[in-house]
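In: What shape does this take:
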Amino acid sequence: IVVTNPTTLCFTSVTGVTLTDPAPVVFTVTSSNPTTCSGNGAITLTGLDASSSYSVNDGVTTNTLTSNASGVITLTRASGSYDPIVVTNPTTLCFTSVTGVTLTDPAPVVFTVTSSNPTTCGGNGVITLSGLDASTDYLVDFGTGNQSITSSIIGEIVLNNPEGTYDPIDVTHATTLCNASVTGVTLTDPAPVTFTVASSNPLTCAGNGTITLTGLDATTTYDVNDGVSTTTLTSNASGVITLSRTEGTYTPIVVTHASTLCSESVTGVILTDPAPVTFTVTSSDPTTCSGNGTITLSGLLTGTSYD
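Out: Reported below is the predicted structural model:
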């Protein structure tokens, strides 16, 4: 460093100095992704001064934080991009900017739904969830609350459910809590049994009348209970079953489809024999020896043959 008097031109030169900025901010960045969907991962800044205050900008927000005794600051963050990461010493105003990180949630839950209806009335159909992780625990909600179910080795969950609407179908990974909801399905029982009943009374006392069931499926086997007994019968090509029965009450009439087990019960019928023969008897004695008296039957139907 040289200092000169501009009038006398006298000067002196001495050894100078070197000015140095405060120590720069030095750090490295590591990260770990969230272990659950919508949870937090971590961004770790290491190599800072111990127990020192810093202004940390993660590309989204700026916070004043203090490093721990090992010179580490840990940021807890949800999935997203945090870039760049700028750390400033608030006292010296020295700062360093480094390339940041992207935090990613666990893999989402992905699945498809197929179904098959019950094959019997009151039985169960099948709802199959495919495309899940193999041998993994899930919480499955199809409108009746969560059930804990483990997928098969091919990543399927099979639900055996009765007739009804199951919508939406919601599946949550038991560990990562990642969730997906899809439009559900409606399971439907086989077609119900429908029929009407007609009857004709016996034409003779102690003879048989008929009970006719119409509107059934053609050439189909049914279990028919007439209120007295159950018989397995097959409808004709017109969907008709005819029962031959004596006088009596046949109610209710219950018809069950032999394959689907669907059934229907209707009010039955009463079969009645023809009107009974009623008559009275009067008589008069013969008026002469070896002559004839009379026996008179009254109250019979007119113009009718009797034995």
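In: any weak-confidence spans in the stretch 151-300 of the chain?
Out: Within the stretch 151-300 of the chain, no stretch has pLDDT under 70.
In: so where do the helices sit in it?
Out: Read by DSSP state H, counting those that start in this stretch, the stretch 151-300 of the chain holds no helices at all.
In: any idea how far stretch 161-173 is from the chain center?
Out: 1 Å (C-alpha atoms, centre = their mean, to the nearest Å).
In: Ok, stretch 104-116 next?
Out: Worked out by C-alpha atoms, centre = their mean, stretch 104-116 lies 14 Å from the chain centre.
In: count of neighbours near the residue nearest to residue 282 when sequence neighbours are not counted?
Out: Once flanking residues are discounted, residue 282 sits nearest to residue 296: 4.7 Å by C-beta to C-beta, 6 or more residues apart in numbering. To be clear about C-beta, it is placed using only N, CA and C from the backbone, and glycine gets the same treatment. A count of nearby residues for residue 296, using other C-beta atoms under 10 Å, gives 10.
In: From what I see, residue 296 and residue 279 are in contact.
Out: No - using C-beta atoms under 8 Å, residue 296 is not in contact with residue 279; the gap is 9.6 Å.
In: What separation is there between residue 51 and residue 73?
Out: 11 Å (C-beta to C-beta, to the nearest Å).
In: Pull up the overlap in contacts between these two.
Out: Residues touching both residue 51 and residue 73 by C-beta atoms under 8 Å, 6 or more residues apart in numbering: 66-67.
In: Who has more neighbours out of the two?
Out: A side-by-side neighbour count of residue 51 and residue 73, using other C-beta under 10 Å, places residue 73 first with 19 against 11.
In: ok, the more buried one to residue 122 distance?
Out: 64 Å.
In: now swap in residue 62 and tell me
Out: 65 Å.
In: Then residue 100?
Out: 60 Å.
In: Looking at these two, which is more packed in?
Out: Per other C-beta under 10 Å, whichever of residue 100 and residue 122 has more neighbours is residue 100, with 19 against 12.
In: ok, now which ones touch the more buried one?
Out: Counting by C-beta under 8 Å, 6+ apart, residue 100 has contacts 29, 43, 58-59, 81-85.
In: Now it: closest residue in space, sequence neighbours ignored.
Out: In space, residue 100 comes closest to residue 83 once its chain neighbours are excluded; the distance is 3.1 Å by C-beta to C-beta, 6+ apart.
In: Measure how buried that neighbour is and give me the count.
Out: By other C-beta under 10 Å, neighbour count at residue 83 equals 15.
In: What values do phi and psi take at it?
Out: phi -160, psi 130 (degrees, to the nearest 10).
In: Surely it touches residue 102?
Out: Yes - between residue 83 and residue 102 there is a contact under C-beta under 8 Å: 7.4 Å.
In: Whatever helix or strand residue 43 lives in packs against which elements?
Out: For residue 43, the enclosing helix or strand under DSSP states H and E is strand 40-46. Applying 3 or more C-beta pairs under 8 Å, 6 or more residues apart in numbering; DSSP states H and E, we find strand 40-46 packed against strand 28-32, strand 73-78, strand 85-88, strand 101-103.
In: residues contacting residue 101?
Out: Counting by C-beta under 8 Å, 6+ apart, residue 101 touches 29, 31, 43, 81-83, 85.
In: how close does it sit to residue 251?
Out: The spacing between residue 101 and residue 251, counted by C-beta to C-beta, is 80 Å.
In: related to what we said a few turns ago, what does the model give the residue nearest to residue 100 for pLDDT?
Out: Each residue has a pLDDT score; the one for residue 83 is 96.
In: gap between it and residue 94?
Out: Residue 83 is 21 Å from residue 94, by C-beta to C-beta.
In: do residue 52 as well
Out: 12 Å.
In: do residue 279 as well
Out: 133 Å.
In: So for the two, which sits in the more crowded spot?
Out: Per other C-beta under 10 Å, whichever of residue 279 and residue 94 has more neighbours is residue 94, with 15 against 11.
In: which residues touch the more buried one?
Out: 21-25, 88.
In: repeat for residue 250
Out: 211, 226-228, 243, 268-271.
In: For residue 138, which residues count as its bridge partners?
Out: residue 149, residue 173 (DSSP bridges).
In: What is the neighbour count of it?
Out: 23.
In: I'd guessed it sits against residue 131; true?
Out: No - Residue 138 lies out of contact with residue 131 (C-beta under 8 Å); the separation is 11.9 Å.
In: gap between residue 20 and residue 54?
Out: Relative to residue 54, residue 20 is positioned 21 Å away (C-beta to C-beta).
In: between the two, which one's more packed in?
Out: residue 54 (22 against 6).
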